[in-house]
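# mind looking at a prediction? Sequence and model below.
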Amino acid sequence: MRVNRSITAVLAGSLAVASLTACGGNSSSTTTNTGKSATGVLNISMPDGASEKDNNNPYLATSAASHLGYRYVIYEPVAMVNLTDPTSQPVPWLATAWTFTPDFKSVSFTVRQGVKFSDGSDMTADDVAYSFSILKQYAALNSNALPIDSVSTSGNQVTVNFTTSVYVMQAKVLSTFVVPKKIWSAMSDPTTDTVQSPIGTGPYTLKTFTPQTVTLDARTSGYWQALPKVAELHYSTYTGNDTETQALVTGATEWSYVFIPDAKTVFAGRDPHYKLWFPPSLSADGLWFNTTIKPWDNQYLRQAVGMVMNRADIFNQGESGYFKPEIDNITGLPSPAGDSFVASQYKGVNGQKTPADATTLLTAHGFTLAGGTLKDPSGKPVTLTITDPAGWSDYQTDLSIIQDNLKQIGIAVTIDKADTDAWFTNIADGKFQAAMHWSNGGVTPYDMYENIMDGADLVPVGQAANSGNYGRFSSPDATAALKAYANASDDASRTAAMNTIEQIMVEQAPMIPTSAGNYGAEYSTKHWTGWPGDGNSYMPIQPTLTQALDVIMHLTPATS
């Protein structure tokens with residue numbers, strides 16, 4: 001599950017964690033492999049809720065380690081992929097080299113030697129092999145849905161074979177993190193165990209845990225590369241966007257991902273050290289439907305909703321005109337990232353129409369509108385409950401806009417301001433009617449569309465959909481076209497498959513895209529420098545992505 005969407009309405013509100021102080025750059029000290037002193041604290045936070053559970057299982061989306069992102073400084077990937085620049089070469093990490101076969105059904109890794117887990121034990125090829133094997137053994141852990149067939153080792157070489165081509169999944173394969181086999185193979189159930197004392201190859205270890213703040217210490221020795229300059233990481237959780245923004249403005253936190261209305265004034269304008277960087281991604285936020293619930297199993301009803309949803313209002317009000325660019329193309333592909341992929345028949349075609357257009361479509365397919373109430377073909381009034389966490393003020397603004405939009409075609413909308421933990425669970429289990437949600441992103445539209453409508457991710461309501469297709473959209477044609485794109489051997493075949501995928505997206509509307517995603521963050525250079533940004537986009541800056549580790553490794557204490 002991707003990082004939470006967050007938006008802040010105002011700076012009013014008290015801090016969720018009153019005891020936090022702006023202590024970056026001036027506290028603890030530790031000795032690195034290079035003999036230099038690592039000093040100071042980096043404060044990182046997210047607006048995910050009032051408290052976290054003592055759970056550090058890196059595979060579980062509901063764990064604190066996942067919510068706050070610190071799983072990625074404890075556990076490391078085989079390679080580091082720069083999503084902000086898909087043309088760049090991945091950075092070798094726990095693998096020093098890798099080779100995919102021409103059909104992309106197999107990859108061989110050369111495992112880095114001299115790597116130790118934080119408990120002092122050696123990382124071996126068996127650990128890397130097990131880290132792929134466990135994904136095959138437990139589907140609930142395989143959030144990227146890697147089609148692993150078999151795994152083998154030979155010396156320091158690990159070969160992973162796949163049941164299908166992983167051409168479109170190369171970045172996901174390389175981002176697989178490594179866990180110690182001796183620990184994970186002994187667990188009673190790795191899909192549910194809480195892992196209170198996590199052991200990984202990363203440069204940080206868990207020091208303390210409270211429901212509001214998690215502290216990690218830099219390792220003092222045994223790390224395979226020079227230790228980071230940041231001696232201590234504080235990961236905190238705030239109740240919502242307002243309290244998160246207040247923490248950023250006061251300096252109580254130094255790195256976050258949260259929407260701030262008028263951010264250039266409210267945040268960046270407050271202090272020259274306060275910075276914004278939001279590189280775009282080829283993905284989409286929008287309104288997801290549970291397509292198993294009547295009448296929302298009706299594609300024409302979903303299309304009509306898409307016709308009247310005001311993307312410009314969502315961008316200018318919900319996203320404050322800067323955070324996530326408006327998506328207006330009917331395919332849901334953002335511009336300019338997706339322009340080259342838009343089929344000729346959809347180039348320049350806007351997804352928004354008039355209420356009259358929507359009503360014409362509905363009445364042509366058995367719906368009736370009378371007295372300001374839309375009724376489905378069975379004669380029942382059409383209603384919709386849309387759910388998102390109360391603290392995500394961007395989404396809450398979006399929902400209010402959508403509520404007003406749908407009144408124009410006689411649909412009564414109820415907004416459910418959900419508890420964050422319950423929301424994550426209900427979205428995964430399919431226990432919702434509609435929700436603002438995000439999609440995956442990648443270097444092609446495949447990741448976005450696959451996340452929305454791949455039948456390979458389809459599971460019954462009540463069973464957690466950990467890989468995507470949270471709306472339980474069922475289209476054999478979409479599944480076949482996605483598979484054809486992923487396995488195509490030439491560009492012409494890929495284009496044909498993508499055109500089919502876009503047509504299904506337009507005509508069946510499994511979700512209504514409104515805004516492009518991003519890999520952005522707010523951060524402060526007061527105590528730490530070396531952050532990525534325009535002109536030096538070495539990695540995405542979002543603190544809950546795998547690449548956050550590489551960002552931290554680049555940080556050095558500010559000189560003034």
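Perfect, I can see it now. Residues are numbered from 1 along each chain as shown.
# so where's the longest strand in the chain?
If you go by DSSP state E, the chain has its longest strand at strand 280-289.
# after that one, next one along is what?
Under the assignment DSSP states H and E, the closest C-terminal helix or strand after strand 280-289 is helix 299-308.
# related to what we said a few turns ago, and the longest strand of the chain, what does it pack onto?
Counting contacts by 3 or more C-beta pairs under 8 Å, 6 or more residues apart in numbering; DSSP states H and E, strand 280-289 packs against strand 434-438, helix 446-453, strand 511-518. For every residue, glycine as well, the C-beta is placed using N, CA and C.
# quick check: closest non-adjacent residue to residue 217.
residue 207 (4.6 Å; C-beta to C-beta, 6 or more residues apart in numbering).
# how about the strands of the stretch 101-250 of the chain, start to end?
106-111, 148-154, 157-162, 204-209, 213-218, 232-237 (DSSP state E, counting those that start in this stretch).
# export those strands as CSV, with columns for mean neighbour count and mean pLDDT.
Formatted as CSV, the strands of the stretch 101-250 of the chain follow (neighbours: other C-beta atoms under 10 Å; pLDDT from 0 to 100):
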stretch, mean neighbour count, mean pLDDT
strand 106-111, 20, 98
strand 148-154, 15, 98
strand 157-162, 21, 98
strand 204-209, 18, 97
strand 213-218, 21, 96
strand 232-237, 25, 96
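# how about those in JSON lines, adding distance to residue 512?
As requested, those are exported to JSON lines (distance: least, C-beta to C-beta, whole Å):
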{"stretch": "strand 106-111", "distance to residue 512": "36"}
{"stretch": "strand 148-154", "distance to residue 512": "33"}
{"stretch": "strand 157-162", "distance to residue 512": "33"}
{"stretch": "strand 204-209", "distance to residue 512": "39"}
{"stretch": "strand 213-218", "distance to residue 512": "36"}
{"stretch": "strand 232-237", "distance to residue 512": "30"}
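# doesn't residue 387 belong to a strand?
Yes - counting by DSSP: H, G, I helix; E, B strand; the rest coil, residue 387 is found in a strand.
# how many neighbours does it have?
When neighbours are counted by other C-beta atoms under 10 Å, residue 387 registers 22.
# surely it meets residue 435?
Yes - using C-beta atoms under 8 Å, residue 387 is in contact with residue 435, at 5.1 Å.
# shared neighbours of those two, which are they?
Counting by C-beta atoms under 8 Å, 6 or more residues apart in numbering, the common neighbours of residue 387 and residue 435 are residue 423.
# OK, contacts around the nearest residue to residue 46 once chain neighbours are set aside?
Closest residue to residue 46 apart from its sequence neighbours, by C-beta to C-beta, 6+ apart: residue 68 at 5.6 Å. For residue 68, the contact set (C-beta under 8 Å, 6+ apart) comprises 44, 45, 46, 48, 52, 214, 235, 236, 237, 544.
# and the last one, how far from residue 198?
Distance, residue 544 to residue 198, using C-beta to C-beta, to the nearest Å: 16 Å.
# same question for the fourth one.
Applying C-beta to C-beta, one obtains 19 Å for the distance of residue 48 from residue 198.
# list the contacts for residue 170?
Counted by C-beta under 8 Å, 6+ apart, residue 170 has contacts 100, 104.
# do a quick rundown of the helices in the stretch 1-150 of the chain.
All helices of the stretch 1-150 of the chain, identified by DSSP state H, counting those that start in this stretch, fall at 64-68, 71-74, 125-137.
# save these as a markdown table, and put in distance to residue 394 and mean pLDDT too.
Below are those laid out as a markdown table (distance: least, C-beta to C-beta, whole Å; pLDDT from 0 to 100):
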| stretch | distance to residue 394 | mean pLDDT |
| --- | --- | --- |
| helix 64-68 | 18 | 91 |
| helix 71-74 | 24 | 98 |
| helix 125-137 | 33 | 98 |
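# out of these, which is closest to residue 429?
Set against residue 429 and scored by C-beta to C-beta, the helices of the stretch 1-150 of the chain come closest in helix 64-68, at 17.1 Å.
# put the alpha carbons of that closest one into CSV.
Taking C-alpha atoms only, helix 64-68 is exported to CSV below (Å, rounded to 0.1, in the frame of the first residue of the first chain):
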residue,chain,number,x,y,z
ALA,A,64,4.2,1.1,12.8
ALA,A,65,7.3,0.2,10.8
SER,A,66,5.3,0.5,7.6
HIS,A,67,3.1,3.5,8.5
LEU,A,68,6.1,5.6,9.6
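# looking at the helices and strands packed on strand 280-289, which is nearest to residue 56?
Of the helices and strands packed on strand 280-289, nearest to residue 56 by C-beta to C-beta is strand 434-438, at 24.0 Å.
# what packs against that closest one?
The helices and strands touching strand 434-438, judged by 3+ C-beta pairs under 8 Å, 6+ apart, are strand 280-289, strand 383-389, helix 393-407, helix 420-429.
# now the angle from the last one to strand 434-438?
Read it as helix 420-429. Put simply, helix 420-429 runs at 90 degrees to strand 434-438, going by axes from the mean of the first three to the mean of the last three C-alpha atoms, to 10 degrees.
# ok, and what's touching helix 420-429?
1, 4, 48-49, 61-62, 387-389, 391, 418, 431-432, 435, 437, 461-466, 470.
# buried residues in that helix?
By neighbour count on 16 or more other C-beta atoms under 10 Å, the buried set for helix 420-429 is 420, 421, 423, 424, 426, 427, 428, 429.
# just give me how far that helix sits from the chain centre.
15 Å (C-alpha atoms, centre = their mean, to the nearest Å).
# just the CA trace of it, in PDB.
Written as PDB, here are the backbone C-alpha positions of helix 420-429 (Å, rounded to 0.1, in the frame of the first residue of the first chain):
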ATOM      1  CA  THR A 420      -7.200   5.400  10.300                       C
ATOM      2  CA  ASP A 421      -6.500   1.900  11.300                       C
ATOM      3  CA  ALA A 422     -10.000   0.700  10.600                       C
ATOM      4  CA  TRP A 423      -9.900   2.500   7.200                       C
ATOM      5  CA  PHE A 424      -6.800   0.600   6.100                       C
ATOM      6  CA  THR A 425      -8.400  -2.700   7.200                       C
ATOM      7  CA  ASN A 426     -11.700  -2.000   5.600                       C
ATOM      8  CA  ILE A 427     -10.200  -0.900   2.300                       C
ATOM      9  CA  ALA A 428      -8.100  -4.000   2.100                       C
ATOM     10  CA  ASP A 429     -11.000  -6.200   3.000                       C
END
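# what's the burial count for the residue nearest to residue 476 when sequence neighbours are not counted?
Using C-beta to C-beta, 6+ apart and skipping the chain neighbours, the partner closest in space to residue 476 is residue 455 (6.5 Å). Residue 455 has 17 neighbours, counted by other C-beta under 10 Å.
# got it, and residue 491?
8.
# repeat that for residue 77.
Neighbour count of residue 77, defined by other C-beta under 10 Å: 25.
# you'd agree residue 333 is up against residue 347?
No - Residue 333 lies out of contact with residue 347 (C-beta under 8 Å); the separation is 10.3 Å.
# tell me which of those two has more neighbours.
Per other C-beta under 10 Å, whichever of residue 333 and residue 347 has more neighbours is residue 333, with 26 against 10.
# tell me the secondary structure at that one.
coil.
# and it, how close does it get to residue 283?
Look at residue 333 and residue 283: by C-beta to C-beta, they are 10 Å apart.
# what touches both of those two?
With contacts defined as C-beta under 8 Å, 6+ apart, the residues shared by residue 333 and residue 283 are residue 448.
# show me what contacts residue 305?
With the criterion set at C-beta under 8 Å, 6+ apart, residue 305 makes contact with 287, 358, 406, 409, 411, 509, 512.
# go again using 7 Å as the cut-off
Going by C-beta atoms under 7 Å, 6 or more residues apart in numbering, residue 305 touches 406, 512.
# that older thread, who has more neighbours out of residue 48 and residue 198?
Neighbour count, other C-beta under 10 Å: between residue 48 and residue 198, residue 48 has more, with 27 against 24.
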